[in-house]
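Novice: Model the following, please.
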Amino acid sequence: MHPDDPSDQKLTEARPTTLSDDATSTERTIGRHRAAEPSRRALLGSTPVRVALATGVTCCLSLVAVATARGNDDTPRPVEPLAEAVADRAAIADERASRSLDRDAAPARILPPSPTAKPTPTPTAVRKAPKKPVKPRRPRPVAGLDQAQMDNAKIIVDVGLEMKMPRRALVVALATAMQESNLYNLASDVLPESAEYPNQGSGSDHDSVGLFQQRPSSGWGTVAQLMRPSYAARAFYTALNEIPGWQDMSVTTAAQSVQISAYPDAYAQHEDRATTVAAALTA
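Specialist: Below is the predicted model of the structure:
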């Protein structure tokens, strides 16, 4: 090339006359018209590329960890096929379950009581309040008696029935008490001690006290005993039973045989009333 030739002609002459068979090479050798290569930073900055790289790194780390673990274990572990392992375990379970059809129920698990739990109170039997004693019905007065007299007459009859005394004895005892005290439990003015006990009045016939005016000095009993109507009636029936043939005697004779009174015929006047009272209390 001559030095005097223009510069554009020099460049044209310097170009190769033959083209490369590689299409890519052809594009890159076009000169100013070749395509620009994509930036590496742009590729790495895209989201899909980052996700793919992270996933690949995670898989590589997992493979390294598995290889390390297998390398640390010197004993080789035979790989058991999955189907064979499942069949063997099923056979073992079937063998254990078929040993016995009779099984006891599993024992219930007993939990220890909580330290803060309150013990359940044991139910206790309900205690019923004791019933108040029922007072016996007071007998309705008959034969002209008041309630106090009728109450004393009932005591005399009840004691006679308890002692298995016949109706005749009840009439004799009632007639005697009607004559001696008018069926009142009397104390004695001669014995001040007798006033210390329940009484319904007082008399002055020596030391005679009570419904039958029995005298402590004659051996009938103590003042305290004779002031109890039930004791006085029992003492009278006991003395009457000691008289032979009293059942065949008149009421006044039987009463006089026990009382030894200064007025032996006075008891007869009370026989009818005593019979009425005895019948009313034994009906």
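
Novice: buried ones in stretch 250-266?
Specialist: Buried residues in stretch 250-266, counting neighbours by 16 or more other Cβ atoms under 10 Å, are found at 251-259, 261, 266. Yep, even glycine has a C-beta here, placed from its N, CA and C like the rest.

Novice: where's the dip in pLDDT among those?
Specialist: Lowest in pLDDT among the buried residues of stretch 250-266 is S261, which has 87.

Novice: contacting residues around that one?
Specialist: Taking Cβ atoms under 8 Å, 6 or more residues apart in numbering, we find S261 in contact with 179-180, 255, 267.

Novice: Need the contact partners of the helix or strand containing R234.
Specialist: Assigned by DSSP states H and E, R234 belongs to helix 229-241. With contacts defined as Cβ under 8 Å, 6+ apart, helix 229-241 is touched by 152, 155-156, 158-160, 163, 165, 169, 172-173, 176, 185, 210-212, 214, 220-221, 225-226, 246, 254, 257-258.

Novice: same question, stretch 162-174
Specialist: Residues from elsewhere that reach stretch 162-174 (Cβ under 8 Å, 6+ apart): 153, 156-157, 160-161, 183, 233-234, 236-237, 240-241, 246-247, 251, 254-255, 270-271, 273-275, 277-278, 282.

Novice: can I have that stretch written out in CSV, keeping just the CAs?
Specialist: Provided in CSV are the C-alpha atoms of stretch 162-174 (Å, rounded to 0.1, in the frame of the first residue of the first chain):
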residue,chain,number,x,y,z
GLU,A,162,-98.7,-54.5,135.3
MET,A,163,-98.9,-56.8,138.3
LYS,A,164,-101.6,-58.9,136.6
MET,A,165,-104.2,-58.0,139.2
PRO,A,166,-107.9,-58.8,138.4
ARG,A,167,-110.5,-56.1,137.8
ARG,A,168,-111.8,-56.6,141.4
ALA,A,169,-108.4,-55.6,142.8
LEU,A,170,-108.5,-52.4,140.7
VAL,A,171,-111.9,-51.4,142.1
VAL,A,172,-110.7,-52.1,145.7
ALA,A,173,-107.6,-50.0,145.3
LEU,A,174,-109.5,-47.1,143.7
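
Novice: i'd like the first residue to be 18 from this point on
Specialist: In the new count, where the first residue is 18, that last one comes out as stretch 179-191.

Novice: Quick check: buried residues in that stretch?
Specialist: Neighbour-count burial for stretch 179-191 [16+ other Cβ under 10 Å]: 182, 185-191.

Novice: and if you look at stretch 236-251?
Specialist: By neighbour count on 16+ other Cβ under 10 Å, the buried set for stretch 236-251 is 237-238, 240, 242-246, 248-251.
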